[in-house]
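1. This is a predicted model, with the sequence first.
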Amino acid sequence: MKFDQPAGQNPIDQLKVIGKPTNRIDGKFKTTGTAPYAYERHDAAPDAAYGYVVGAGIAKGRITAMDLTAAKAAPGVLAIVTADTAGPLVKGDFNTAKLLGGPAIDHYHQAVALVVAETFEQARAAAALIRVDYARDKGRFDLDTALKTAPLKGDDDKAPPVHRVGDFEKAFAAAPIKLDALYETPDQSHAMMEPHASIASWAGDKLTLWTSNQMIAWGKGDVAKTLGIPKDDVRLISPYIGGGFGGKLFVRADAILAALGAKQAGRPVKVALQRPLMINNTTHRPATRQRIRLGAGEDGKLTAIAHESGSGDLPGGGPETAVSQTRLLYAGANRLTSMRLAVLDLPEGNAMRAPGEAPGLMALEVAMDEMAEKLNMDPVQFRIVNDTQVDPEKPGRKFSQRQLVECLRMGADKFGWSQRNAKPRSVRDGRWLVGMGVASGFRNNITMKSGARVGIDKKGMVTVATDMTDIGTGTYTIIAQTAAEVMGVPLEKVNVLLGDSSFPVAAGSGGQWGANSSTAGVYAACMKLREAVAQKLGFNSADVEFADGKVRSGNRSVPLAQAAGDAGLSAEDSIEFGDLAKKEQQSTFAGHFVEVGVDAYTGEIRIRRMLAVCAAGRILNPKSARSQVIGAMTMGVGAALMEELAIDKRFGFFVNHDLASYEVPVHADIPHQEVIFLEEVDPMSSPMKAKGVGELGLCGVGAAIANAIYNASGVRIREYPITLDKVI
Ligand code: MOS
């Protein structure tokens, strides 16, 4: 199905199942421990041997010698994979560094060997006997130093490195009120609960990988490319994922090494990246240095906006696109945005939890708070005054929907913003200094081609199969809701199969595009199936109606089960997006409000209340969408107050590379969270009229917290995370 016209009235609009707060259908499996994760597929490969990954002990240089003698002789050892035994490996499209290093080493903890043994303990013990000698090169580990000579870099190779509208320098010089400030965000790690894990099994030339991966088709392609085998010989199976956060958008060393280990050992091999290895072995969100300059008139209208961001990555990597929201969020005639990309020899940077906007808004929305104060304006009002209904870089190009002002107004009302004292450090509750902060939330809506197969069997059960994934987001449920709505059956009559590369290729889970795109693909397949049903019954497809498990036309009514017959009926289709997204800008918006307490004596910061008001198209399932948003708000608390990878700048690695030392919020850190979704349907986004909401929930939260801390304590911190030592 080609989607190139705004969506009209369609079966989704019935809203019998869609739009209802529905429990996750996979919830009971996950909470009772019966959802099998990749590493637990004992049923699939009962004879699997265990792999243990050895990571490089240097950040840059090469291996001069590797002595495997003792390891090979250790009890239970079946195989040892190294660059020498693996044969030529091609770097995948989605990795910056090779997943198996040697002799050249590109980053600390890059995999250099996999020991395969009968038991995990034997593999681990043998791995400790491997002796590796290195010649260490001088690496580049300091972002500030590296940025001094770093070149400008566009979002991708085709994008212009600098975006300019009007004459920023002139307008900034002339502005009566201005701000010029530098903001810093640190390197951060996904730190999801389930580590990267895979079981590999070969049947002749055919490889099956039970793995944990967000983007099945990308992964399948990269496994085939890396190993130099045909794509058709690779099958990825990933029905349950214990969190991805962007860290599992791409296959990592566990998958490739398990495949190589299984080949060498001649039996299935399972590999979970050991937790202390994960943070340096896989990807992370790169640190940023962001300079923001804002100029405004006395009326509070922005006349000049500049946002320049610098980040670093391994050679061949990309920038953290922290300026993208600044191109779209506020009006202002004179604008400049640019990025610099430094070469660093730290582990690989890549997408993590709303890449770009999440760290970008942590700077921009604090700058907006600082500017509002200089203007002596309420920060909610300052944002409203600078709203735009058109793309500020391409005047005339509208937003398909833009309810930022409504989000801010509703949020201010519900949160009790009028109670806020604009003068910092003026509200006290016992030993706590109390403050409120606000920030705009912004995240783009991306659409991706997405396919599915839908069938009805003789019992009237509808089965959807697609390689779409559920990373804890509720995909199973919203896909079931979509099929139930379109086929006119209750939710219990729908069975959803996900995460298998033998199913039609879907959008996958990333960039908050999964919900809208994948359900639209299911919608397309269901509409095709409806046609097949109508045709089989000789019904006129124009007046055919699917409801209550029956198909009706005129005065004829046939149960779906009967229509399907013994052989059943099925249809496959995909949604393909035309250039609607070019005609109008599709984005999602939020107003984030936070109240914090700052201990007047110790500087300890506690979140007291949080509210997000979101406008993100049709909300397919308010319950799972709310869960997405409160999870994202929690990530915002982590980003604002805790999360930071500490770099050893002598040796080039992240020191706090486990869950004991990489701090994330726990339940005790999170108070009352409230989420409000504004009524919105977006006919430009898809037949579902929905958009993404998961990452939106994070975008802006960090700044709202920083602004609340300022309002509480009078201390303006521009370096995240905001820890108590910085407040005191
Ligand atoms: Mo997301 S960081 O695109 O999985």
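-> The structure has been received and is ready for your questions.
2. in this structure, what residue is nearest the ligand?
-> Gly246 (2.4 Å; CB to the nearest ligand atom). (C-beta placed from N, C-alpha, C; glycine too.)
3. which SS state does that residue fall under?
-> Of the three states, Gly246 takes coil under DSSP: H, G, I helix; E, B strand; the rest coil.
4. what sits against the residue nearest to it when sequence neighbours are not counted?
-> Nearest non-adjacent residue to Gly246, counting by CB to CB, 6 or more residues apart in numbering: Ala351, 3.9 Å away. Residues in contact with Ala351, defined by CB atoms under 8 Å, 6 or more residues apart in numbering, are 246, 249, 283, 285, 510-511.
5. Neighbour-wise, which one of these leads?
-> Within the contacts of Ala351, Arg285 tops the neighbour count with 28 neighbours, counted by other CB atoms under 10 Å.
6. Which residue ranges of the stretch 101-250 of the chain form helices?
-> Applying DSSP state H, counting those that start in this stretch to the stretch 101-250 of the chain gives helices spanning 120-127, 143-147, 168-174, 216-227.
7. which outside residues touch the first one?
-> Residues lying outside helix 120-127 but in contact with it, judged by CB under 8 Å, 6+ apart, are 49-54, 71-72, 74-77, 80, 113, 115-117.
8. Now list the buried members of the residues you listed.
-> 49-54, 71, 74, 76-77, 80, 113, 115-117 (16 or more other CB atoms under 10 Å).
9. just those now: which is nearest Glu393?
-> The closest of the buried ones among the contacts of helix 120-127 to Glu393 turns out to be Val53 (CB to CB; 45.2 Å).
10. List the contacts of the residue nearest to the closest one when sequence neighbours are not counted.
-> Closest residue to Val53 apart from its sequence neighbours, by CB to CB, 6+ apart: Ala111 at 5.2 Å. By CB under 8 Å, 6+ apart, the contact list for Ala111 reads 53-56, 99-101, 253, 257, 281.
11. can you redo those residues as JSON lines with secondary structure, distance to the ligand and pLDDT?
-> Below are the contacts of Ala111 laid out as JSON lines (DSSP: H, G, I helix; E, B strand; the rest coil; distance: CB to the nearest ligand atom, whole Å; pLDDT from 0 to 100):
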{"residue": "Val53", "secondary structure": "strand", "distance to the ligand": "23", "pLDDT": "98"}
{"residue": "Val54", "secondary structure": "strand", "distance to the ligand": "28", "pLDDT": "98"}
{"residue": "Gly55", "secondary structure": "strand", "distance to the ligand": "23", "pLDDT": "98"}
{"residue": "Ala56", "secondary structure": "coil", "distance to the ligand": "25", "pLDDT": "98"}
{"residue": "Leu99", "secondary structure": "coil", "distance to the ligand": "19", "pLDDT": "98"}
{"residue": "Leu100", "secondary structure": "coil", "distance to the ligand": "24", "pLDDT": "98"}
{"residue": "Gly101", "secondary structure": "coil", "distance to the ligand": "25", "pLDDT": "97"}
{"residue": "Ala253", "secondary structure": "helix", "distance to the ligand": "19", "pLDDT": "98"}
{"residue": "Leu257", "secondary structure": "helix", "distance to the ligand": "23", "pLDDT": "98"}
{"residue": "Asn281", "secondary structure": "helix", "distance to the ligand": "18", "pLDDT": "98"}
